[in-house]
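Enquirer: Sequence first, predicted model second:
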Amino acid sequence: MQHTISHELFSKAQQVIPGGVNSPVRAFKAVGGNPVFIKSAKGAYLHDEDGNQYIEFINSWGPMLLGHANPVIEEAVREAISSSLSFGAPTRREVEMAELIIDMVPSVEKVRMVNSGTEATMSAIRVARGYTGREKIIKFEGCYHGHGDSFLIAAGSGAVTLGVPDSPGVTKGVANDTLTAPYNDLAAVQMLVAANPNQIAAIIIEPVAGNMGLVLPKEGFLEGLRELCTREGIVLIFDEVMTGFRLARGGAQERLGVMPDMTTLGKIIGGGMPVGAYGGKREIMDCVAPAGPVYQAGTLSGNPVAMAAGLAMLRYLNTHPEVYTLLEQTSQTIVNDIRANCKALDLNLTINHIGSMFTVFFTDKPVVDFTTAKQSDLAAFGRYFQAMLHEGVYLAPSQFESLFVSTALAEPTLLQQVAQANKKALAAAFG
Ligand code: PMP
């Protein structure tokens, strides 16, 4: 497999873009080698600038749930662009979008559209602070909530991959207002709340964590947080930027049956366009300007093209429940195949899996939080990643990410190809 053109582009990119990329994990720093430059994608396949083809497990880090260049979404975008790309004024689509989100996501009663997951989480904690009149927040080690200052404390995803969990540029003042607890450790959260009486505005959590690799909440953990927040007047925020519309029509909250006060959304909600949203209880959301005093705005928020793409995606999911069955079956097949390969090769690896998200951790110990995720053999993961790429399977270039399955992967021959590639790559990783 040749990567000559990708290498040339990366050399040029490094002269003009920090690290040669517009988002850190894309640079392949954690796995070595140079990134491949993508030219096009269709369905389950990516094509790079050198003409190589890959089976896709990143799917733009989540949004492409129905595969790339899906005709349903493309058609909606094509129709929208013929009526101008932006107005900065209210539109019918925004109302329809809000109605649909409220219908699909169980705990959301009002919603505001923004342009990214980062904007959604930054705005949500501002609103929670305005609503409660308190300043501190609690987040969990290894959870990633975008690159807002308040969240770059013990953060997952690219921040951990690159070894800069506490970024320079985040002031001590901001850092002091973010308290952190280990994921799945309810007692630690209870202690933080007790030590900071009436000071915690919000607890923000990925209800299923995808940014330290995939980590599932233990039974009773989210329920415990819910009870604690209700008792202490703390706003419970579920960051469903990854899990929203993926783990179920109504996201992780529907699947797990625990309701937050606020929810942040992104990725799938834009169908591939840059979109985020935050929503929640009416009385909390009514604090947002111009209904209330908490300021939050956006020149391109509710952009007509982004709304068209997102609406097409959500309408499709809302009317095609079989999508979720297909995603479950496809993911289960892939995970079963990987387990069978591990067994055949006498490898004991931990695979965390729910719905269409999974991570193969290069450790034989259970992975339940950031500390246990970090026990993984990162060198072995790097060899596995490179071998998979060589076999034509494009994985997230870090151990600390979830893989995302799309409906486009649901082809028996394609799944066999993935299973065979996985067996070779596992052998290469430990050979
Ligand atoms: N929250 C979660 C749970 C995420 O996974 C991400 C991005 N991976 C974000 C927030 C930030 O979203 P964005 O990259 O769109 O700013």
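Expert: It's in.
Enquirer: list the contacts for the closest residue to L378 other than its chain neighbours?
Expert: Counting by Cβ to Cβ, 6 or more residues apart in numbering, the nearest residue to L378 once its immediate chain neighbours are dropped is Q399, at 5.7 Å. (Glycine included, C-beta is placed from N, CA and C.) For Q399, the contact set (Cβ atoms under 8 Å, 6 or more residues apart in numbering) comprises 30, 213, 359, 361-362, 373, 376, 378, 381.
Enquirer: run the last query once more with 7 Å
Expert: 213, 361-362, 376, 378, 381 (Cβ atoms under 7 Å, 6 or more residues apart in numbering).
Enquirer: Now rank these by neighbours and give me the top one.
Expert: G213 (31 neighbours; other Cβ atoms under 10 Å).
Enquirer: Now the residue nearest to it when sequence neighbours are not counted: which helix or strand?
Expert: Distances taken as Cβ to Cβ, 6+ apart place T359 nearest to G213, at 3.8 Å, with adjacent residues excluded. Assigned by DSSP states H and E, T359 belongs to strand 357-361.
Enquirer: What pLDDT is listed against the residue nearest to L378?
Expert: If you check Q399, the pLDDT there is 97.
Enquirer: Over to the one 5 residues further on?
Expert: F404 carries a pLDDT score of 97 in this model.
Enquirer: quick one: contacts of stretch 171-189?
Expert: Residues outside stretch 171-189 that contact it (Cβ under 7 Å, 6+ apart) are 135-143, 149-150, 153-154, 192, 203, 209, 215, 217-218, 221, 224-225, 228, 368-371.
Enquirer: Let's see the PyMOL selection covering just the buried ones among those residues.
Expert: To isolate the buried members of those in PyMOL, using 16 or more other Cβ atoms under 10 Å:
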select buried, resi 136+137+138+139+140+141+142+143+149+150+153+154+192+203+209+215+217+221+224+225+228+368+369+370
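Enquirer: How confident is the prediction for the residue in the chain that the ligand sits nearest to, by pLDDT?
Expert: Ranking the residues of the chain by distance to the ligand (Cβ to the nearest ligand atom) places G117 first, at 2.2 Å. Looking at G117, its pLDDT stands at 98.
Enquirer: cool, and L378?
Expert: 96.
Enquirer: domain assignment for this structure?
Expert: 4-69+322-430, 71-319 (automatic domain parsing).
Enquirer: Report how many residues lie close to G257.
Expert: G257 sits with 10 neighbouring residues when counted by other Cβ under 10 Å.
Enquirer: hmm, back to that, turn the contacts of Q399 into a markdown table, columns for distance to F238.
Expert: As requested, those are exported to a markdown table (distance: Cβ to Cβ, whole Å):
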| residue | distance to F238 |
| --- | --- |
| G213 | 19 |
| F361 | 24 |
| F362 | 29 |
| S376 | 26 |
| L378 | 29 |
| F381 | 29 |
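Enquirer: Next secondary structure after the one helix or strand in the chain whose mean pLDDT sits lowest?
Expert: Across the helices and strands of the chain, mean confidence by mean pLDDT, DSSP states H and E is lowest for helix 158-161: a mean of 66. Counting by DSSP H and E, the next helix or strand C-terminal to helix 158-161 is helix 172-176.
Enquirer: And the strands in the stretch 301-431 of the chain, which stretches?
Expert: Per DSSP state E, counting those that start in this stretch, the stretch 301-431 of the chain carries strands over the ranges 350-354, 357-361, 393-394, 403-404.
Enquirer: Please consider this matter closed, and thank you.
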